[in-house]
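Peer 1: have a look; sequence and predicted model below, questions after that.
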Amino acid sequence: MIRFAIVLLLLANAGYYAFSQGMLRSLGWAPDNPSEPERVQQQVKPDALRILSAQEAKEAKEAKDTQQLQARNATAEAASLPEPAPAAEQPAETPAKATAEPDKLAAKPADKPQDKPADKPEKPEKKECLVAGSFDAKQVDALRLQLAKLPEGSWRLDSSTSAGRWMVYVGKFSSQEALDTRRDELRALDVSTDRARVASLEPGISLGRFSSEEAAERHLAAIGKKGVGGAKVVVERPETVSYSLRLPKLDAATKKRVQSWHVMDGKDLRSCS
């Protein structure tokens with residue numbers, strides 16, 4: 001029994017080998033030919049086949065995608081267009097109306113040209129607040145004549161008063177020796193002394209300086225009780241009024257013009273801050 005199975009198995013293997021090798025093709029028993037030569041023979045211009053590089057394949061794909069996108073956009077635009085309304089039947093024009101229509105079209109004025117775009121507004125010129133000073137009463141009179149040429153409200157003159165000062169004074173002495181001798185006498189009376197420090201009063205001695213004439217007179221009376229004689233009250237510095245020019249909104253051209261005035265007396269314009 002085993003021998004029969006072995007013989008049968010050998011026969012089956014031999015038959016399969018003959019079948020797989022095409023030995024039985026004449027009997028119609030053979031496996032399919034994987035090379036499919038008939039399809040190769042049906043190729044059209046196989047020599048025109050070319051393998052693309054990676055860059056060429058990428059460019060070809062992008063071109064194809066672009067064509068597909070344009071085709072979709074054209075289809076979408078065509079679908080979004082409204083359907084034209086059916087034209088209503090119009091009665092035939094009379095000869096007179098048909099003749100008058102060309103004249104009407106000819107008389108129609110041409111379309112109004114589009115307005116030109118408005119020019120971009122220019123940036124406003126920068127203006128600054130400037131001051132100059134100080135000017136005395138004589139200078140400010142001449143300055144007012146020049147300022148009158150500027151727009152009203154574009155300038156202002158501010159005044160400030162400098163208080164006067166008074167001094168209890170002894171002098172003038174004929175020599176430095178005479179001044180030193182008198183100073184020693186005053187110190188012996190316990191009276192403070194100082195130089196006059198005013199050119200027109202030198203050589204002289206100051207026995208005190210005061211912001212008001214009344215205060216100077218009181219001091220003169222007080223030292224008089226100590227035995228000081230020959231002293232008097234004099235004006236060391238008179239009360240003065242000075243003026244400053246203020247130009248709150250001055251442009252560059254006006255600034256140059258103002259600085260050229262001789263009445264400015266060399267005084268520069270400076271920032272208000």
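Peer 2: Nice, I can see it.
Peer 1: residue ranges for the strands of the chain, please.
Peer 2: In the chain, the strands defined using DSSP state E lie at 128-135, 156-162, 165-171, 194-195, 204-210, 232-237, 240-250, 270-271.
Peer 1: grab the nearest non-local neighbour of S244.
Peer 2: Spatial nearest neighbour of S244, excluding adjacent residues (C-beta to C-beta, 6 or more residues apart in numbering): G133 at 3.1 Å. C-beta: built from backbone N, CA, C; applies to glycine.
Peer 1: what sits against that neighbour?
Peer 2: Going by C-beta atoms under 8 Å, 6 or more residues apart in numbering, G133 touches S242, Y243, S244, L245, K267.
Peer 1: am I right that the third one is in contact with Q139?
Peer 2: No: counting by C-beta atoms under 8 Å, S244 stays clear of Q139, with 11.4 Å between them.
Peer 1: coming back round to it: of the contacts of G133 - the most surrounded one?
Peer 2: When neighbours are taken as other C-beta atoms under 10 Å, the top entry among the contacts of G133 is L245 (21 neighbours).
Peer 1: mutual contacts of S244 and Q139, please.
Peer 2: In contact with both S244 and Q139: no residue, using C-beta under 8 Å, 6+ apart.
Peer 1: from S192, how far off is the nearest residue to W166 once chain neighbours are set aside?
Peer 2: Leaving aside its sequence neighbours, W166 sits nearest to A216 (C-beta to C-beta, 6+ apart; 4.0 Å). Between A216 and S192 the computed distance is 14 Å (C-beta to C-beta, to the nearest Å).
Peer 1: between these two, who's got more neighbours?
Peer 2: Set A216 next to S192 and count neighbours by other C-beta under 10 Å: A216 wins out with 24 against 10.
Peer 1: now that one: how far from S206?
Peer 2: 11 Å.
Peer 1: over to M23?
Peer 2: M23 is 151 Å from S206, by C-beta to C-beta.
Peer 1: so which bits of the longest helix anywhere in the chain are buried?
Peer 2: In the chain, taking DSSP state H as the definition, the longest helix is helix 54-80. By neighbour count on 16 or more other C-beta atoms under 10 Å, the buried set for helix 54-80 is empty.
Peer 1: what packs against it?
Peer 2: With contacts defined as 3 or more C-beta pairs under 8 Å, 6 or more residues apart in numbering; DSSP states H and E, there are no secondary structure elements packing on helix 54-80.
Peer 1: give me the neighbour count for M167.
Peer 2: Neighbours of M167 using other C-beta under 10 Å come to 24.
Peer 1: now do the contacts for it.
Peer 2: A196, V198, S206, L207, G208, R209, F210, A216, V233, V234, V235, E236.
Peer 1: let's go with 7 Å and repeat that
Peer 2: S206, G208, R209, A216, V234, E236 (C-beta atoms under 7 Å, 6 or more residues apart in numbering).
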